[in-house]
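# Okay, sequence plus prediction incoming.
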Amino acid sequence: MTEDATPIHPRWLRVTHWINALAVVLLVMSGWRIYNASPFFDFRIPREVTLGGWLGGALLWHFAAMWLLVVNGVVYLSCNVMSGRLWRKFLPLSPRAIVTDLLGALRGQLSHADARHYNAVQRAAYLFVMLDAVLLVVSGLVLWKSVQLPVLRELLGGYESARRVHFIAMAAMVAFAAVHLTMVALVPRTLVTMIRDA
């Protein structure tokens, strides 16, 4: 089988991508409902885009989706590491390359002809979202089991600080998803490659 005949994304990547997308949607919507029960900023999320109906229901959805994210994330990272894909696709990465590709993208001069290779901005964004997911899980564990995890709690500056870290990490995940979906809309063939062998 030649290089061009192989799928752009392996099947395990496509499956974990869509499971992750589902988990993130459930986590964000239920998390917004949880936030509304005890907001620490001067706004609330519109109830129509939240999940769970009431605090207890939102917590149930959030915990279920949390385990989906964690298990799926472990599978995703393990497959990336064991296959060598993590290093091949995302590294090396330099600040200069990120700035160069970002300026090219803003000028509309960044090519998307080779879907098999990520540019520096894509590599940085995907590495960022992996680290952000880890921060979401760690800060979420502090919120869930604060008494049992005092070291993690103190590393995050205490319970209230962990709430803010969790919220900001969630906002960063939503921002990533918004940019990601915008880029898919601009280059629709990337969606096809994430659904089937292409």
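Looks like it came in fine.
# Residue 174 - nearest residue in space that isn't next to it in sequence?
residue 28 (6.1 Å; CB to CB, 6 or more residues apart in numbering). Backbone N, C-alpha and C define where each C-beta goes, glycine included.
# contacting residues around the one you found?
170, 173, 174 (CB atoms under 8 Å, 6 or more residues apart in numbering).
# Contacts only, for the residue most central in space within the chain.
Using CA atoms, centre = their mean, the residue of the chain that lies closest to the mean C-alpha position is residue 129, 4.5 Å off. Contacts for residue 129 (CB under 8 Å, 6+ apart) come out as 173, 176.
# per-residue confidence averaged over the host helix or strand of it?
Assigned by DSSP states H and E, residue 129 belongs to helix 120-144. Helix 120-144 shows a mean pLDDT of 95.
# could I have the helix or strand following that helix exported to CSV, CA atoms only?
Downstream of helix 120-144, the first helix or strand assigned by DSSP H and E is helix 150-155. Extracted C-alpha coordinates of helix 150-155, given in CSV (Å, rounded to 0.1, in the frame of the first residue of the first chain):
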residue,chain,number,x,y,z
PRO,A,150,-5.0,18.1,49.4
VAL,A,151,-1.7,18.3,47.5
LEU,A,152,-3.4,18.9,44.2
ARG,A,153,-5.8,21.4,45.8
GLU,A,154,-2.9,23.4,47.2
LEU,A,155,-1.0,23.3,43.9
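# so what does the helix or strand bottoming out on mean pLDDT in the chain touch, helix or strand wise?
When the helices and strands of the chain are compared on mean pLDDT, DSSP states H and E, helix 189-195 comes out lowest with a mean of 85. Secondary-structure packing of helix 189-195 (3 or more CB pairs under 8 Å, 6 or more residues apart in numbering; DSSP states H and E): helix 11-37, helix 159-186.
# Deepest-packed of those helices, please.
Mean neighbours per residue, mean count of other CB atoms under 10 Å, is largest over these for helix 11-37, with a mean of 18.
# Distance from the chain centre to it, please.
In terms of CA atoms, centre = their mean, to the nearest Å, the centre of helix 11-37 is set 9 Å apart from its chain centre.
# Please apply the same query to stretch 125-145.
9 Å.
# Measure how buried the closest residue to residue 126 other than its chain neighbours is and give me the count.
Spatial nearest neighbour of residue 126, chain neighbours left out: residue 90 (6.2 Å); criterion: CB to CB, 6+ apart. Counted with other CB atoms under 10 Å, residues neighbouring residue 90 total 17.
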